[in-house]
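Student: Sequence first, then the predicted structure, then my questions.
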Amino acid sequence: MHDAAAASPAVSISRRRALGLLASGFAGAAGLGGLPAYAAQAWPSKPVRIIVPFAPGGGADGSARVLGEVMSPDLGQSIIVDNRPGAGGSIGVMAAVQAKDQHTLLMGSNSMGIGPLLNAYNYDVARDLDPIGMVSSQPLVLVVPASSSITSLQQLIAQAKAKPGELSAGNSGNGTLAHLTAELFALQTSVSLISVPYRGESALMPDLMSGLVSMGFLNLPSVLPHIRSQRLRALAVSSPQRVAELPDVPTLSALGHPELEVRGWAALMAPKGLSEAELGRLEKSLAQCLASEHVKSRFTTFGVTPYVQGRGQTRELLAQETARWQEVIKTRNIQANA
C-alpha cells in the first residue's frame, strides 16, 4: 500500500516562493498541484490595452471604457483604452492585428468587416482575429426632415417609386453601415435613391434637418436629440423590437420588411496568439460584465444595449454579416470611393 505522499508527484518549491504565491492570492497553487494552478493565472502579466478604432466620445469608446473599469479587477490588471481613429476604422484594426504583445484587444464594429470588402486592407477578420464576444448593439433609425410631407414608410416607398432618382439618402460616408443599409433598402423595395456621402453624421445632420437631404438610416444616439426637438421625424427602427427611447416608432420588420433588420454592433476581439484558456477567461469575464446592472445602466447613456453572444456565436455572426454586405456591395456595384 502506497502512502499519500507517493500517490502524486511532489512539487519542489522554496519557502520564499510559497510565501510569494500566498501573497499574490494563489494560496491554493502550492498545495493543489502547485505550478499548474499558478501558470493558469499567469495571464495577463501586465496592463491590457483595448484599441478603439474611433475617436473618443462615441458608443464604442464609452463601451470600451466601461468594460475596462468592470473587467479590470477580474483580470487583475488595469485596462487602458487606446483610441486609433481614421480610415473608417481600419487604422485601429491594423494596429491591433500587428500587436504581438499578447495584451492587446480590439473593440471591433461593423466597419471592421465591411472595410476589406471595399478596400485593399492588409487584414482579414477570420484569419487575424479571434472573437471574445459581442459587446453591444444599437439600431439604425430611418429618419426624414420634420418638414417633409412623408410621415410613414409606405409613403416613402410610394414617393420613391413615383419619382425615381429624386429622393436622396444621406450617410456618414461611403461604405458605412448607414450607406449600405440605404442600398439594401433600395434593393429590397425596388426604389431608386441618390446616395449622398458625408464625412460623418455630424456633417450630414444640418443638411438632413434643413431638407436638403431627403432621408437617412442613422445611429439612434445621433438622431435621438433631433427627433425629440422635432427637427427630424422617425419612420422606423431597424431593431428586432421597438426601442425604449422611441416607443411609438415601429420596426421595419413589423412594417413588412424583416430583411431590413440591421444592427450597429460592437464586439471584443483579440489578435491571434492567445491560448484557448486565455480566450475562455476573457469570454467569461466579458459575459459577467455585460450581465451587470451597472453596465446595463452605463450603456444606456451611450444609446446602446448589451449584446451577449459567446465566442462561437460571435464568429458565426461575423461570417453572416460579411456575406450579407458582400452581396449588397456586389449587387449594387458599390465602389470604394464612389
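Tutor: Perfect, thanks for sending it. All figures in this text were calculated on a predicted structure; none of them were measured in a lab. Numbers count the residues shown, from 1 in each chain.

Student: Pairing partners for the helix or strand harbouring residue 134, with directions?
Tutor: Counting by DSSP states H and E, the element that carries residue 134 is strand 129-145. Strand 129-145 has its sheet partners listed here by DSSP bridges as strand 216-219 (antiparallel), strand 232-237 (antiparallel), strand 263-271 (antiparallel), strand 305-306 (antiparallel).

Student: Give me the distance between the longest one and the centre of its chain.
Tutor: Offset of strand 263-271 from its chain centre (C-alpha atoms, centre = their mean, to the nearest Å): 4 Å.

Student: can you check the last one too?
Tutor: The chain centroid and the centroid of strand 305-306 are separated by 10 Å, computed with C-alpha atoms, centre = their mean.

Student: got the angle between the lengthiest helix in the chain and strand 129-145?
Tutor: The helix that spans the most residues within the chain, counting by DSSP state H, is helix 311-331. Going by axes from the mean of the first three to the mean of the last three C-alpha atoms, to 10 degrees, helix 311-331 is angled at 50 degrees with respect to strand 129-145.

Student: Going by neighbour count, list what's buried in helix 311-331.
Tutor: Using 16 or more other C-beta atoms under 10 Å as the test for burial, helix 311-331 gives 311, 314-315, 317-318, 321-322, 324-325, 328-329. In this view, the C-beta of every residue, glycine as well, is placed from N, C-alpha and C.

Student: now stretch 48-63
Tutor: 48-54, 58-63.

Student: Specify which member of those residues is nearest to residue 97.
Tutor: residue 51 (9.7 Å; C-beta to C-beta).

Student: Using the three-state scheme, assign the closest one.
Tutor: Assigned with DSSP: H, G, I helix; E, B strand; the rest coil, residue 51 falls in the strand class.

Student: Begin at 42 from now on, thanks
Tutor: Understood, numbering begins at 42; the last thing we discussed is residue 92.

Student: which strands and helices sit next to the helix or strand hosting residue 222?
Tutor: Counting by DSSP H and E, the element that carries residue 222 is helix 218-230. With contacts defined as 3 or more C-beta pairs under 8 Å, 6 or more residues apart in numbering; DSSP states H and E, the packing partners of helix 218-230 are helix 151-159, strand 170-186, strand 209-212, strand 235-238, strand 257-260, helix 352-372.

Student: where does the chain dip in pLDDT?
Tutor: 42-82, 379 (pLDDT under 70).

Student: If we use 80, what do you get?
Tutor: 42-82, 378-379 (pLDDT under 80).

Student: Give me the domain ranges for it.
Tutor: 45-81, 89-178+306-372, 180-301 (automatic domain parsing).

Student: can you tell which of those is closest to residue 378?
Tutor: domain 180-301 (6.5 Å).

Student: and that closest one, how far out from the chain's middle?
Tutor: Worked out by C-alpha atoms, centre = their mean, domain 180-301 lies 21 Å from the chain centre.

Student: quick revisit: right, so of the helices and strands packed on helix 218-230, which gets closest to residue 312?
Tutor: Taking the helices and strands packed on helix 218-230 one by one with C-beta to C-beta, strand 170-186 is closest: 6.2 Å.

Student: Give the next helix or strand downstream of that closest one.
Tutor: Immediately after strand 170-186, counting by DSSP H and E, sits helix 194-203.

Student: which residues sit against that next one?
Tutor: Identification of contacts with helix 194-203 by C-beta atoms under 8 Å, 6 or more residues apart in numbering yields 183, 185, 190-191, 207-208, 230-234, 256, 276-277, 291, 293, 296, 298.
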